[in-house]
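Student: this one's sequence-less:
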């Protein structure tokens, strides 16, 4: 098991307080309002495949690090776009990981993996070339046992609610099955999230076809802009019936644009006709953020904004292995100008709720904390993606608390597709928050009892409230 | 009283050294060369109104945090633009603060408030719904006593000099009264600062009217550019007679522009005629910074530059409650290119002195420390506004000292309109500097005696020298 | 001698581990793959001139700090462009430094100087007005002794390899002499680095003349673009024969541009004819980075990119004293978009190796760690120039390790022209890394034995491998 002082401050007095605070958060149920676990996993509740397919193949944190030192993703079993052969032997893939384990020193991937091995699978041997086979065998044996099936682990992990993320074109069959089994639907344990990016980005290959598909799925006429909006609204309703309490928007920038209906309709027709320039596409995406905000005023979905990722930066990787395989790179992201049109229109409407994320840490103290600490509609999401690691989580609290306090932040979001790593990720965040609060206590700026209340709020009550999960439960 | 270890490092050896260093700064008089206290307060020396009007209503740090959690500023007594009713019951406002006190955990507002309650008013009960009335009553009683009048507190606070900030259109009557009472004028305890923003920004509504007012006030012909400059020079003289040693410039960007006189005159005429574009206005503002620098060469006012705040970002708040009510948001700010024209022209002139501030922390190590550590004219101002809190003050020293040293920084600037919080703010800065210096001592990079000299310089001698306060005293 | 705990963490448990880790790096030979020591120094092995010429005159860290407080570089002996008189009395210069020594509190210049005085020259008296002469005399005496000649110190410093930096127009005579003496050439102790900036920047005054000189030196026809490339290739060969394993590129931005050969030829002709616009020049520089990357695929030189310095910002300083005298200022630097063309073309080619540096810390977690942690061709260079100080080195590890690990960083690079400070700089980096690794150990995220292996890799094995020094040895 993990050392009880894991990730806590080194100084003994501070460590002692951090340990005490951590006890107030440690056993609280996990709230996971944003992530990328495949709902089929829980709907079907089949055993996990082999260790490599659990820990390596789908985890772009892991495959990109190995790629950065010259190990091609194909050797790690990452599926190829053209169907050309990739490694299929789980043990061979696992050995590659083990032999190169030193690359992960100091990274969260190592941290999460070791915690999962120890705390989920009871394996304490240190990973390395010499232990690779032994650990592989032990993991394989565990994965075959019923208590390591997804639903059993879900219960063991003490997850109260897990949100997955789907496109509006998803028919939500896995979620329907979960609901039928008493696991899904409004207030359920597994819910969905409405993620319409591929329907509002005319630059994304196949956009018009997907819009047509949306029309077919909803039976609405998407030939007009108003029909397009109606179809999106209809899918939002379906998502809400599948438990969704939030939408998610992953644009290149945070730019928002207010068009009147006529302007928007013209732009939509142009885009559908294939005639939208890059600037038109950016305007359309920015306008659609405002449209989604307006829909939120009516249907109550919390909007999540995830801007700032330059997608598919590694062209070679993208051409061989496609999207979401580790090629995306952050870029400098402006919020103060980009969000102004949206906030001018609806920023103080009590019905609007927007959770803002960033990959650009410089925005934390400069823009995001001042925004979240001033607008009633805005919350500051947890450090995201490249930033969901101990040091970055610490820097987040340091950068934002003095301006936005704790209660304009949304609580931890694991954002993961690695189901088994969920408890490890939440535990890391709880430990880091315990350390941050312990610093305030030892510095004399927060009494211990208030720190204890705060850590429980951060770990549990706050995300539940911010993502409107309590309201539906 | 505050714990003697408040805000000092947790590690015992370092804490011990920090405590020792802090003793060298603790009792030094306060130098407050930049702030927003209303001089009428000290000129008239009337008792403070009720606790809500002292701690809540005028403090946009406080009202914005409450607004961010859905409490409208009107309920906090913030005056409305259209004169519509706002809460007037001080006790009701105070209760709202007390009930929502948890929002301020980890923020400097909480820190300052608690220090003021304890150290100025002798109140050690913890603020909360249950203690709101008791504390309100106690504060009210204190405020009625003569030793809690502004001048008595000024003396008790051990303030040596306090600069307020006025527009060139201000007739400086409060400062005249202070001078008559032996409190103001050159070398006095309360001095003014020349802040001409609303006279050099053609984009600011009512600009031409204010320029006309400047003409009327000075009896000079502001119909020409040279008359406009003469009128500004004349007001600078009046400000210097009221004790000013510095000017303050709060532009959106740090952009400086060198125009020749003919170009500037053409632009001025265009602006006065209402025909200036946004770009023209930016050029004019940038040029006027250079003009003010030139005036400084002659009259010796230290220039303070405060760029990077996007004003009135919250449109709803601005429309209901006007400027300076918590709606401004920082933005990314360039200095290296923006200041180049000014520095090319006058950057190594020994008569020029410019103090640079930022709301964009990224500029500290990248641009501001290299600039201040290279140009004799430049000093680096204290962390400003959203950044004048313990963590941000620490990050400032960490980011700038290695490149600019201590002696190219200007010392702490409280920048506050909350008079009673002045000693608390300076004390926080002194404690943070003690901690930073203690780290250098324990790391073996600075001997203790030099650290002791340095903290006294930072707390007292340096701001006095940088703001040319010693020269006039 | 330096305190054994110098720069190590204050907390005793962490300090103890850091001390233990430091022992694993302390005595490893120094690898200096990038710097600005004059090779003539080692080729001729003459005694160093007086202390002022060793510690003050050529060190723009020192002269800029003194200039920032009003001491003109001429008084410090910095040569003037127009040949006008500057201070020549070494003792007078040294006294100026000593009298103003307080300016350097908290800076790496103080740290390095004190370490050099103590550890190289055995002088432990504290520098100050009262000790200036005594220390000057002692230093002068030491410098006259044979064991303080450059080659003797090189051996004493335990330097395994030192790379200097030369223009392609340099005839490498010093390196030839070093090779003749058994000190230089491929695998030698002193090698060169290919730095072609002044040949690929049409904006740089005298560019066409230098290109002509390149033609004369190589005997190739640089009137055509293909001849220009051939001449550069020819110089690369000469540099490789003088031991070079890397090239260095110090552009204003990191922009890369892919032109086809015809486009490039047109642009080259335009530039040679003096008709290139600023935009053309930027395009040409960006294209040449791609050309140099292509040459690297063939000849194996590691490319170093050092973007983001705005050169000669201090116009007055530049006009009086020329380049590289402390006037350069960093600026915000984009990598994610700028490098994309180069990376699209060659980013996953196993033959390419690029080491990226920055003066803009914000790029570390946002762009550089994600890039280096994803592309096999990219490594992250050590914090550079204004950032090669203890706090900045710490922030670097904090910002990049969680995304890029340790093994996508290149190891410490001293980047110095101050030969005697080389061991001090490496020692600082080793101590900082010991502290960072000790934190991971005490937090429970890295076992001690792996931390010990890591620090030796960072200090020695990694730079040797990344800069392809091992391959030639």
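Tutor: Structure received. Just so it is clear, the model here is predicted, and its values are computed rather than measured.

Student: Show me which residues of the stretch 101-250 of chain A sit near chain B.
Tutor: By C-beta under 8 Å from any C-beta of the partner chain, no residue of the stretch 101-250 of chain A approaches chain B. For glycine as for every other residue, the C-beta is placed from the backbone atoms N, C-alpha and C.

Student: now the stretch 101-250 of chain A, which segments are flagged as low pLDDT?
Tutor: Of all residues in the stretch 101-250 of chain A, none has pLDDT under 70.

Student: Just the closest residue of it to chain C, please.
Tutor: Closest residue of the stretch 101-250 of chain A to chain C, C-beta to the nearest C-beta: residue A:106 (4.1 Å).

Student: okay, now that residue: neighbour count?
Tutor: Other residues near residue A:106 number 28, with proximity taken as other C-beta atoms under 10 Å in any protein chain shown.

Student: hang on, residue A:163 packs against residue A:191?
Tutor: Yes. Counting by C-beta atoms under 8 Å, residue A:163 touches residue A:191, with 5.1 Å between them.

Student: Overlap in contacts, the two.
Tutor: A:243, A:244, A:245 (C-beta atoms under 8 Å, 6 or more residues apart in numbering or on different chains).

Student: thinking again about what came up before, setting aside sequence neighbours, what's the nearest residue to the residue of the stretch 101-250 of chain A closest to chain C?
Tutor: Of all residues not flanking residue A:106 in the chain, residue C:401 sits nearest, at 4.1 Å (C-beta to C-beta, 6 or more residues apart in numbering or on different chains).

Student: contacting residues around that neighbour?
Tutor: Under the contact definition (C-beta under 8 Å, 6+ apart), the residues listed for residue C:401 are A:106, A:107, A:391, C:369, C:436.

Student: what's the pLDDT at it?
Tutor: In this prediction, residue C:401 carries a pLDDT score of 98.

Student: Repeat that for residue A:472.
Tutor: Reported pLDDT for residue A:472: 49.

Student: circling back to that earlier point, from the contacts of residue C:401, which two are the most distant?
Tutor: Farthest apart among the contacts of residue C:401 by C-beta to C-beta are C:369 and C:436. That separation is 14.6 Å.

Student: Mind checking which residue lies nearest the centre of chain A?
Tutor: Computing the C-alpha centroid of chain A and ranking residues by C-alpha atoms, centre = their mean puts residue A:415 first, at 2.3 Å.

Student: Spell out which parts of the stretch 251-400 of chain A neighbour chain C.
Tutor: A:310, A:313-317, A:326-327, A:329-332, A:359-362, A:386-387, A:389-392, A:395.

Student: Please go through the residues you listed and note which also touch chain B.
Tutor: Answer for those near chain B (C-beta under 8 Å from any C-beta): A:332, A:362.

Student: Mind checking which of the residues of the stretch 251-400 of chain A next to chain C are in helices?
Tutor: Counting by DSSP state H, those place A:315, A:316, A:317, A:362, A:390, A:391, A:392, A:395 in helices.

Student: Show me the one in these that has more neighbours than the rest.
Tutor: Highest neighbour count within these, by other C-beta under 10 Å: residue A:317, with 26 neighbours.

Student: shouldn't that residue be in contact with residue A:76?
Tutor: No. Residue A:317 is beyond contact range of residue A:76, at 11.9 Å (criterion: C-beta under 8 Å).

Student: check contacts around residue A:231.
Tutor: Residue A:231 makes contact with A:214, A:215, A:217, A:218, A:220, A:222, according to C-beta under 8 Å, 6+ apart.

Student: Oh, that last question was meant for residue A:63, not what I typed.
Tutor: So residue A:63 contacts A:56, A:57, A:73, A:76, A:78, A:325, A:326 (C-beta under 8 Å, 6+ apart).

Student: Look up how far residue C:470 lies from it.
Tutor: Separation of residue A:63 from residue C:470 (C-beta to C-beta, to the nearest Å): 28 Å.

Student: thinking again about what came up before, compare residue A:163 and residue A:191 and say which is more crowded by neighbours.
Tutor: Comparing residue A:163 with residue A:191 by other C-beta under 10 Å, the one with more neighbours is residue A:191, at 30 against 26.

Student: Does that one touch residue A:162 like I think?
Tutor: Yes. The criterion here is C-beta under 8 Å, and residue A:191 meets it with residue A:162 at 7.4 Å.

Student: how about the strands in the stretch 51-200 of chain A?
Tutor: Using DSSP state E, counting those that start in this stretch, the strands assigned to the stretch 51-200 of chain A run over residues A:159-163, A:190-191.

Student: wait, which of those is closest to residue B:287?
Tutor: Among those, strand A:159-163 comes nearest to residue B:287, with 53.9 Å by C-beta to C-beta.

Student: So what are the sheet partners of that closest one and their directions?
Tutor: Strand A:159-163 pairs in its sheet with strand A:30-32 (parallel), strand A:190-191 (parallel), by DSSP bridges.

Student: Could you identify which of the ones you listed is most buried?
Tutor: Burial of the strands paired with strand A:159-163 is given as mean neighbour count (mean count of other C-beta atoms under 10 Å in any protein chain shown); strand A:190-191 ranks first at a mean of 28.

Student: contacts for that one?
Tutor: With contact meaning C-beta under 8 Å, 6+ apart, strand A:190-191 is reached by A:39, A:42, A:161-164, A:175, A:178, A:183-185, A:242-245.

Student: and which of the residues you listed is nearest to residue A:267?
Tutor: Of all those, residue A:244 has the smallest distance to residue A:267: 27.2 Å, by C-beta to C-beta.

Student: Which phi and psi values does residue A:193 adopt?
Tutor: When read as degrees, to the nearest 10, the backbone of residue A:193 gives phi -140, psi 140.

Student: Which positions in the stretch 101-250 of chain A make contact with chain C?
Tutor: A:102, A:103, A:104, A:105, A:106, A:107, A:108, A:110, A:111, A:126.

Student: Can you tell me which of those is nearest chain B?
Tutor: Using C-beta to the nearest C-beta, residue A:106 comes nearest to chain B of these, at 20.9 Å.

Student: Could I get the contacting residues of that closest one?
Tutor: C:401, C:402, C:405, C:406, C:440, C:445, C:446.

Student: got those as CSV, with distance to residue A:226 and secondary structure columns?
Tutor: Formatted as CSV, these follow (distance: C-beta to C-beta, whole Å; DSSP: H, G, I helix; E, B strand; the rest coil):
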residue, distance to residue A:226, secondary structure
C:401, 51, helix
C:402, 47, helix
C:405, 51, coil
C:406, 56, coil
C:440, 57, helix
C:445, 54, coil
C:446, 58, coil
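
Student: Right, I'll call it a day here.
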